[in-house]
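Asker: missing the sequence, but the structure's below:
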């Protein structure tokens, strides 16, 4: 007996080696929280299923994965526009975050999760403050998350202990949907002793580390000038890279950094919209791939991205890499879909668990309407997914075997209440005193 | 007595000098095909209106303008991916277009218009074949269009005559919604004699010219090597630039080209998604603006763009220009919204007629829902419009005073029939024999 049967769907299949096929007219059977069968229509008996979803020719694909975000920052959306990276940190983001209260993280996380579910994003690696509140929100929303409580080096050992307690509380919670990570902010806000202590703590706890590194080429240059090694080499020397790591951005990775990362359990989170908006430069995605360093799609926070839309990240990565390589033949459809699925799963530590619609994988999948005027006629389903499909085409979202959005209606969250809760705090959140900031950006 | 009253809306106001205001809680009154009043809620009596639309706090803004497209190419969507520009033309686009039949243009145009109306695009400057069919489709859809029948130089005088007859049939048709333009393809496919004859014909007819030029820096370089002048200088010497012109792309415009264009009645159509996807380089948008050359947003055709979504063009222009200038402070929200509205209107020859929600302007406007989880909380309406709003947030579309989409339902077009008509021709349209092409790309 199956718990859920999705009937009459096309299925996107991405192989480990980045080969793409669309399995037309298939059914998908789910038992508990895993996919148990993907078979041509007619093979699985409907009477063997407790619940049936008629997909009517929609496309089934793995739920999208956001490998680096600061989801609760949606509460500050639109407050830092047309400013330099230095001003973005020192005059906007870090002063704004001095307004942050614990409850803001809860409601902001819920709002961001609502946005992501509506866009077919089923997993997120999040990196923020007051993460018990974020975990509570993930538990309610029904999504999957890799959560890290950000620590700055100047917060010291006490804060590291506090985030350790967070990890102990939430590791494996929500039926395994939550994993917990250590999250020192970046090499330029954490000194070597603090990074070494974080690495030691991660070893003790058996967890990974989610950290910003080499966000721009200028950061790499500054590190070379100040101390003679790159920020990624700092992570190596402090032991961080011995742990599974999510490296946010790594735009300033040098060729030797890339060779190093290829030999470590590291993945790179790539957030191209932030890079364009803040003119941060182009990340060496092609070089990472060629060296065997996994790359995952990300949005970063909504104060630089403005949304949490992984479809847009996918499209922008494809296009900006073609541009950076001055070759439209680079970063093919197959490579892009591999990055969006299996490679992103690997970055968040869930290789071979999520990122594929195949028997044995966790049942995190979405149904996408391909009937819109903006994708028709459908000469190429895969080209459409990257270059034409919109977040609003996602119809149904399943995580861990549970339907959490059906025909665009959220089933676990009360969107109106969430928006109302966030809106009533807007005036307080938007107060900005540049001298009151939680950190100073001076890499 | 007003024909239509839109009640309780916020109104985006963009001044001639690129200053932005949002007029909160206003009503908009429309008489026949023009806006007659924009007043604070309560000023206009509802009893003075024949029809009322409750906007419920949505944002009213000018209908979006697509200043360069080949709309019927939607029928080939997704058929030319991950290929070089040379292959795109010679092995894909021009062989595919040898399949084109007159009826394909009619159904393709209807499909593209449906997509654009759903995305809030109310005007398009279109550049394609069999344009009587395109005009027929525009007439039915109720949108506004500047239509040009593409001619290649080797088709000779007879084809120029044929497109002249098209202009005579359709200039000012559909109650003035259609304007007709001459459309020689490009300097690299039309020799100087043909361009001169086109310019003379445009003078005789009193019409403008819509043409591709300097699509890449390589085209400019090739022209300099072959004949010692730039493609834009070719347009000058053949008299084309004496006419109002829509110049598609102009990525390869040199500083002296830009100075020349500033003294001519020329506008540039900017289609950033195509430039990224085909790695064509970055257009000098900032330099055009500084010189006073109007720039308008465009999608180009769906075989390079994959959609006809001007929201995406707006966002990509903003972001790619920030990147190209290596400054996130460039291409501000106000400048981007000016380009999307007044400047795009000027490019298609309708300055001070469309592109503003103000008394006296033609009533081409859209109502945008700002309540989605992906734009909330709404700290900045204008940031949201550029960086977060999706085509699917457009709720209601009014062109020439007529409501053509209401609450996302198309009122003039039968989308299901259109998709069915296009779909049944898919196999024939997708046939591709590279030796059978309508032109050869060798600039």
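Answerer: Yep, that arrived. Small disclaimer: the values here were computed from a predicted structure and weren't measured.
Asker: pLDDT weak spots in the stretch 151-300 of chain A?
Answerer: Counting by pLDDT under 70, not a single residue of the stretch 151-300 of chain A qualifies.
Asker: and the residue of it found nearest chain B, what is it in contact with?
Answerer: Nearest to chain B, among the residues of the stretch 151-300 of chain A, is residue A:276, at 3.7 Å (C-beta to the nearest C-beta). Every residue, glycine included, has its C-beta placed from N, CA and C. If a contact means C-beta atoms under 8 Å, 6 or more residues apart in numbering or on different chains, then residue A:276 has A:316, A:320, B:319-320, B:322-323 as its contacts.
Asker: Can you pull the phi and psi angles for residue A:330?
Answerer: Its backbone dihedrals place residue A:330 at phi -80, psi 160, with angles given as degrees, to the nearest 10.
Asker: Equivalent analysis for residue A:414, please.
Answerer: Reported as degrees, to the nearest 10, the phi and psi values for residue A:414 are phi -100, psi 90.
Asker: burial of it, as a residue count?
Answerer: Other residues within reach of residue A:414, judged by other C-beta atoms under 10 Å in any protein chain shown, total 13.
Asker: Residue A:58 versus that one, what's the distance?
Answerer: As judged by C-beta to C-beta, to the nearest Å, residue A:414 and residue A:58 stand 26 Å apart.
Asker: Let me know the closest of the contacts of residue A:276 to residue A:396.
Answerer: The shortest separation between residue A:396 and any of the contacts of residue A:276 is 25.3 Å, and it belongs to residue A:316 (by C-beta to C-beta).
Asker: Could you confirm that closest one falls within a strand?
Answerer: No. Per DSSP: H, G, I helix; E, B strand; the rest coil, residue A:316 lies outside any strand segment and is helix.
Asker: tell me the contacts of it?
Answerer: Applying C-beta under 8 Å, 6+ apart as the definition, the contact partners of residue A:316 turn out to be A:272-273, A:276.
Asker: Residue A:336 too?
Answerer: When contacts are taken as C-beta under 8 Å, 6+ apart, residue A:336 is in contact with A:314, A:317-318, A:386.
Asker: Which single residue of the stretch 1-150 of chain A ends up nearest chain B?
Answerer: Closest point on the stretch 1-150 of chain A to chain B, by C-beta to the nearest C-beta, is residue A:78, at 3.5 Å.
Asker: is the helix or strand containing residue A:13 anywhere near chain B?
Answerer: Following DSSP states H and E, the helix or strand that holds residue A:13 is strand A:4-14. No. Using C-beta under 8 Å from any C-beta of the partner chain as the criterion, no contacts between strand A:4-14 and chain B are found, and the smallest distance is 14.7 Å.
Asker: do stretch A:387-400 as well
Answerer: Yes. Taking C-beta under 8 Å from any C-beta as the criterion, stretch A:387-400 and chain B are in contact, through A:387-388, A:390-392.
Asker: Rounded mean pLDDT for that stretch, please.
Answerer: Along stretch A:387-400, the predicted confidence averages to a pLDDT of 98.
Asker: measure that stretch end to end?
Answerer: Using C-alpha to C-alpha, to the nearest Å, one end of stretch A:387-400 lies 28 Å from the other.
Asker: ditto for stretch A:9-18
Answerer: From the first residue to the last, stretch A:9-18 extends over 22 Å; the measure is C-alpha to C-alpha.
Asker: Run through who's touching it.
Answerer: A:20-28, A:38, A:55, A:57-62, A:334-335, A:337-338, A:341-342, A:355-358, A:367, A:370, A:381-382, A:385.
Asker: Run the chain-centre distance for it.
Answerer: Centre-to-centre, stretch A:9-18 and its host chain are 20 Å apart (C-alpha atoms, centre = their mean, to the nearest Å).
Asker: Give the buried residues for it.
Answerer: Neighbour-count burial for stretch A:9-18 flags A:9-14, A:18 (criterion: 16 or more other C-beta atoms under 10 Å in any protein chain shown).
Asker: Please apply the same query to stretch A:244-258.
Answerer: A:244-254, A:257-258.
Asker: What of stretch A:94-103?
Answerer: Judged by neighbour count using 16+ other C-beta under 10 Å, the buried positions of stretch A:94-103 are A:94-97, A:99-100.
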